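Q: no sequence on hand, only this structure:
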């Protein structure tokens, strides 16, 4: 027999399932052993727990499945890196996470995966948005502070009546030419 194929005892004469059977024979007796072929479904995944791997009777429908997304182990899983199921390969090729097959021979299917960074991208975008907001708030405060400092400077400029140099509005003498700034009015 091929690997993944076995024959299993079912009954004697279609009704008696006792095996082994002890008989005391006193007359002719015809015993017929009934056997059933069974086939193995191997469902392989190096990432996640799969369901459906088992022995099935010939002609039985076998269902097998795997989750679509599986968190990675360790730090990767904590920051949102996952495994994404991409499809089955082997004796059955499909992209559905759940499949079925009529067991007419042994089958072997392999779950295929890719690394999924989608959650990590969202986390990075969120952190970037928070950082941009913090920078904008910091710059806004600096601009407000600078604007308030500039508004404390007098808006009216005063010039010397004699030499035209810029002087403080309260100055009595020009710092450049030294002449008194008192008007005779």
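A: Yep, it's here. Quick caveat, the model's predicted, so the values are computed rather than measured.
Q: contacting residues for residue 71?
A: The contact partners of residue 71, by Cβ atoms under 8 Å, 6 or more residues apart in numbering, come to 77, 81-83. No exception for glycine: its C-beta is placed from N, CA and C like everyone else's.
Q: just confirm residue 135 is within a helix.
A: Yes - counting by DSSP: H, G, I helix; E, B strand; the rest coil, residue 135 is located in a helix.
Q: against residue 49, how distant is it?
A: 45 Å (Cβ to Cβ, to the nearest Å).
Q: and for the residue nearest the centre of the chain, nearest residue in space, chain neighbours not counted?
A: Taking Cα atoms, centre = their mean, the centroid of the chain lies closest to residue 82, which sits 3.9 Å from it. The shortest distance from residue 82 to any non-neighbouring residue, by Cβ to Cβ, 6 or more residues apart in numbering, is to residue 116 (4.5 Å).
Q: starting at the chain centroid, how far to stretch 10-29?
A: In terms of Cα atoms, centre = their mean, to the nearest Å, the centre of stretch 10-29 is found 59 Å from the chain centre.
Q: can you give me the buried ones in it?
A: residue 12 (16 or more other Cβ atoms under 10 Å).
Q: state which strand of this structure is the longest.
A: strand 33-44 (DSSP state E).
Q: and after it, which helix or strand comes next?
A: Once the chain leaves strand 33-44, the next helix or strand it forms, by DSSP states H and E, is strand 54-57.
Q: just the buried residues of that next one, please?
A: Neighbour-count burial for strand 54-57 flags 55-56 (criterion: 16+ other Cβ under 10 Å).
Q: what does stretch 29-46 give?
A: Result for stretch 29-46 [16+ other Cβ under 10 Å]: buried residues 37-43, 45.
Q: tell me where the chain has helices.
A: Secondary structure of the chain (DSSP state H): helices at 75-78, 118-152.
Q: domain map for the chain?
A: 5-24+31-116, 120-151 (automatic domain parsing).
Q: residue 172: which of these is closest?
A: domain 120-151 (26.0 Å; Cβ to Cβ).
Q: for that closest one, the distance to its chain's centre please.
A: Domain 120-151 sits 29 Å away from the centroid of its parent chain (Cα atoms, centre = their mean).
Q: pLDDT of it, averaged?
A: Domain 120-151 carries an average pLDDT of 78.
Q: how about the nearest residue to residue 161, chain neighbours excluded?
A: Residue 161 sits nearest to residue 181 (Cβ to Cβ, 6+ apart), 6.3 Å away.
Q: shouldn't the residue nearest to the centre of the chain be in contact with residue 70?
A: Yes - using Cβ atoms under 8 Å, residue 82 is in contact with residue 70, at 6.2 Å.
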